[in-house]
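Chemist: compute the structure for the input listed below.
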Amino acid sequence: LSDKNRIKFIIINPRRGVIKDTNGKLLAHNKEIYKVYFYKQKGESYETILEPVFDVLGCSPKNRLSLLKLVKKASYLQPIVIKDNVNWKTVVKIEAETYRLPGVSVEKSFVRYYPWKAKLAHVLGYTGLPNKKEIAAYKLQYARKAKIGKNGVERHLNHSLIGKFGAKKGEVNANRIIVRDLLVEPSCPGNDINLTINIDLQNLLYNLLPKSNSAAAVIEVATGNILAICSLPSFNPNLFSTEFDEVEWNSVLQNKHSPFTNKVIGKAYPPGSTWKIITSLAILESGIDPRETVFCNGFIQVGNRKFKCWKRAGHGNVDFYNAMPFSCNCYFYKMGIKVGIERIYRVARALGVGQKIGIELSGEAQGINPNKLWKANYSHGSWTHGDTANSSIGQGFVLTTPFQLMTMISRVASGKIISPSLLKGHQKNFSAMDLPFKKENLEIVRGSLVNAINSHRGTAFSARIREKQFLMAGKTGTAQVVSRDTATEKGASRSHS
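Modeler: Sure thing, here's the model as predicted:
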């Protein structure tokens, strides 16, 4: 035999780093499995060799045909995976027959395993085989079958998690099984990573949310640590680790509510009355006296259009201190027009709206924080008072992601330019800069958010925490969504908050 025929080179895949939550609980790790490989050899009938292997594995006719086509196209340098995740009983059967199955071997391997399954899919992402672009980017020309991060934290931190590849040069027997190692360069495992996610809180949030179409996130205001991110419906990322269950896979693909989309960061929606927090700060920053009143009779007239309040009978005389608890549209219409869209735009931008904030995940949507220049650039004509009225209550052109709204409220609450993060130990906010607003104005806005929840006339009074030792602040928001571009399936119309 020539040296070429008796020597085999094998790339040794590194052990991928594990991912843990803020308290050290495992979120993603590596599960030991057995794989059946076939090393294609010249002069051997692979159809004859693989037929008894297919019988032991219980392969369907369709699966057999697919595997034979794969082997036919394969080179003689790299092994082909015939079966992933083989049980021990099957391993014993194949091992007993390898003496008459040249090129067939059973080898120990590791697959990525996500114990929390769908509950963390949009945070962790999943791993998969690299495409051509990724092979070039990660220099995987000799490790094309290595799994890399394809989404979520797995993708964003792949460079740290993946580790360093090793290599082995070995002498093989007639069955292409290594019988003696000639040279081994060991692989180096990837780095372990701790996230700011609290899996107990994540689990609670997932169980509380409606499973059809919902999204929510929790942030620690003082640090910017993201404690939970949930987007529903979700999917089981273990589907990508081994041979997937066809029934489960089809149910995910056929779900019309986009289970692969992280709605917290990847979808922009009309924010509705939650945007009034921005408008209220713009009102105060413009110097308007918070005691100045607007009479609400259920609508205001702007040109030839009526802009309605949600309360048809109106709220009567409303000042700033009542406007937020009542969520009076007419107050914000009139005051929004008075302060102008450019001031509202600047306040919104300082609070993180209408821009990509940056997070250790891919697919973040930008949203829309409109002003005169934006409308002119997108050929929607000149800006009007009606546009300002709509924008003042979070309607019209305005689109935000739940992630942006979370950032906005954390900045209002802290008075700092908080930058959310998923990586424990990477907090950027202990020395965060102050917001460019007067502290007394921020305090007035915070007070109005306390009243929106705790005042008996507040729109969120029924959602208050009743225990006196806790004080909750917040803002309700409802908006109509019609088109797929803004949030939901075509032809549907629904409210969201």
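
Chemist: surely residue 167 is in a strand?
Modeler: Yes. Counting by DSSP: H, G, I helix; E, B strand; the rest coil, residue 167 is found in a strand.

Chemist: ok, it - contacts?
Modeler: Contacts of residue 167 were listed using CB atoms under 8 Å, 6 or more residues apart in numbering, and they are 9, 10, 11, 12, 183, 184, 185. All C-beta spots, glycine's among them, are computed from the backbone N, C-alpha and C.

Chemist: among those residues, which two are most distant?
Modeler: For the contacts of residue 167, the farthest-apart pair by CB to CB is 11 and 183; their separation is 13.1 Å.

Chemist: those two: which has the busier surroundings?
Modeler: Per other CB atoms under 10 Å, whichever of residue 11 and residue 183 has more neighbours is residue 11, with 17 against 10.

Chemist: just confirm the more buried one contacts residue 184, I think it does.
Modeler: No. Contact between residue 11 and residue 184 fails when scored by CB atoms under 8 Å: they sit 11.9 Å apart.

Chemist: got any residues that touch both of the two?
Modeler: Applying CB under 8 Å, 6+ apart, one finds that residue 11 and residue 184 are jointly contacted by 166, 167.

Chemist: thinking again about what came up before, out of the contacts of residue 167, which comes closest to residue 371?
Modeler: The nearest one, if we look at the contacts of residue 167 relative to residue 371 and count by CB to CB, is residue 11, at 53.8 Å.

Chemist: can I take it that that closest one is in a strand?
Modeler: Yes. The assignment for residue 11 by three-state DSSP puts it in a strand.

Chemist: and the pLDDT at it?
Modeler: Residue 11 carries a pLDDT value of 78.

Chemist: and what of residue 40?
Modeler: We have a pLDDT of 81 for residue 40.

Chemist: in the protein, what helix or strand scores lowest on average pLDDT?
Modeler: strand 494-496 (a mean of 47; mean pLDDT, DSSP states H and E).

Chemist: can you pull the contacts of residue 74?
Modeler: Neighbours of residue 74 in contact, by CB under 8 Å, 6+ apart: 40, 80.

Chemist: and it, how far from residue 47?
Modeler: From residue 74 across to residue 47, the span is 14 Å (CB to CB, to the nearest Å).

Chemist: would you tell me what the next helix or strand after the longest strand that the chain contains is?
Modeler: If you go by DSSP state E, the chain has its longest strand at strand 26-38. Using DSSP states H and E, the helix or strand that follows strand 26-38 towards the C-terminus is helix 46-57.

Chemist: could you tell me the average pLDDT over the helix or strand that comes right after that following helix, please?
Modeler: The helix or strand immediately downstream of helix 46-57 is helix 61-73, counting by DSSP H and E. Helix 61-73 shows a mean pLDDT of 88.

Chemist: got the angle between helix 61-73 and strand 26-38?
Modeler: Angle of helix 61-73 versus strand 26-38, following axes from the mean of the first three to the mean of the last three CA atoms, to 10 degrees, is 70 degrees.

Chemist: list the buried residues for helix 61-73?
Modeler: The neighbour-count check on helix 61-73 (16 or more other CB atoms under 10 Å) flags 64, 67, 71 as buried.

Chemist: residue 351: which of these is nearest?
Modeler: For the buried residues of helix 61-73, the nearest to residue 351 is residue 67 (55.2 Å; CB to CB).

Chemist: my guess is the closest one meets residue 51, correct?
Modeler: No. Look at residue 67 against residue 51 with CB under 8 Å: they stay out of range, at 11.0 Å.

Chemist: what about the helices in the stretch 201-350 of the chain?
Modeler: Along the stretch 201-350 of the chain, the segments classed as helices by DSSP state H, counting those that start in this stretch run 246-253, 263-266, 276-285, 320-326, 329-339, 341-350.

Chemist: would you turn those into JSON lines with mean neighbour count, mean pLDDT and distance to residue 365?
Modeler: Below are the helices of the stretch 201-350 of the chain laid out as JSON lines (neighbours: other CB atoms under 10 Å; pLDDT from 0 to 100; distance: least, CB to CB, whole Å):
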{"stretch": "helix 246-253", "mean neighbour count": "12", "mean pLDDT": "78", "distance to residue 365": "22"}
{"stretch": "helix 263-266", "mean neighbour count": "24", "mean pLDDT": "95", "distance to residue 365": "5"}
{"stretch": "helix 276-285", "mean neighbour count": "26", "mean pLDDT": "98", "distance to residue 365": "18"}
{"stretch": "helix 320-326", "mean neighbour count": "23", "mean pLDDT": "95", "distance to residue 365": "27"}
{"stretch": "helix 329-339", "mean neighbour count": "24", "mean pLDDT": "97", "distance to residue 365": "24"}
{"stretch": "helix 341-350", "mean neighbour count": "20", "mean pLDDT": "98", "distance to residue 365": "15"}
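
Chemist: dump the ones you listed to CSV, plus distance to residue 382.
Modeler: CSV is the format used below for the helices of the stretch 201-350 of the chain (distance: least, CB to CB, whole Å):
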stretch, distance to residue 382
helix 246-253, 45
helix 263-266, 32
helix 276-285, 21
helix 320-326, 28
helix 329-339, 15
helix 341-350, 12
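
Chemist: closest to residue 307 out of those?
Modeler: Nearest to residue 307, of these and by CB to CB, is helix 329-339 at 5.2 Å.

Chemist: now that closest one against helix 341-350, angle please.
Modeler: Going by the same axes, to 10 degrees, helix 329-339 makes 100 degrees with helix 341-350.

Chemist: name the helices or strands packed onto helix 329-339?
Modeler: Applying 3 or more CB pairs under 8 Å, 6 or more residues apart in numbering; DSSP states H and E, one finds that helix 329-339 contacts helix 276-285, strand 294-296, strand 299-302, strand 305-308, helix 320-326, helix 385-392.

Chemist: if you set the cut-off to 6 Å instead, what comes out?
Modeler: In terms of contacts (3 or more CB pairs under 6 Å, 6 or more residues apart in numbering; DSSP states H and E), helix 329-339 is packed against helix 276-285, strand 294-296, helix 385-392.

Chemist: pull out the buried residues from the shortest one.
Modeler: Yep, that's strand 294-296 we're talking about. Quick answer for strand 294-296 (16+ other CB under 10 Å): 294, 296.

Chemist: chain center to that strand, what's the gap?
Modeler: Distance, stretch centre to chain centre, for strand 294-296: 42 Å (CA atoms, centre = their mean, to the nearest Å).

Chemist: got any ranges where the stretch 301-450 of the chain has weak pLDDT?
Modeler: Within the stretch 301-450 of the chain, the ranges that satisfy pLDDT under 70 run 426-431.

Chemist: all strands for the stretch 51-200 of the chain, in order.
Modeler: Ranges of strands within the stretch 51-200 of the chain are 80-83, 104-113, 127-128, 148-149, 166-172, 178-185, 193-194, based on DSSP state E, counting those that start in this stretch.

Chemist: would a markdown table of the ones you listed with distance to residue 417 be doable?
Modeler: Below are those laid out as a markdown table (distance: least, CB to CB, whole Å):
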| stretch | distance to residue 417 |
| --- | --- |
| strand 80-83 | 49 |
| strand 104-113 | 36 |
| strand 127-128 | 34 |
| strand 148-149 | 29 |
| strand 166-172 | 44 |
| strand 178-185 | 47 |
| strand 193-194 | 24 |
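
Chemist: out of those strands, which is closest to residue 40?
Modeler: Of all these, it is strand 80-83 that lies closest to residue 40, at 6.8 Å by CB to CB.

Chemist: that closest one: how far from the chain's middle?
Modeler: Here the centre of strand 80-83 is set off from its chain's centre by 31 Å, with CA atoms, centre = their mean.

Chemist: buried residues, it. List them.
Modeler: 80, 82, 83.

Chemist: what's the answer for stretch 85-103, then?
Modeler: Going by 16+ other CB under 10 Å, stretch 85-103 has these buried residues: 86, 90, 91, 93, 94, 101, 102, 103.
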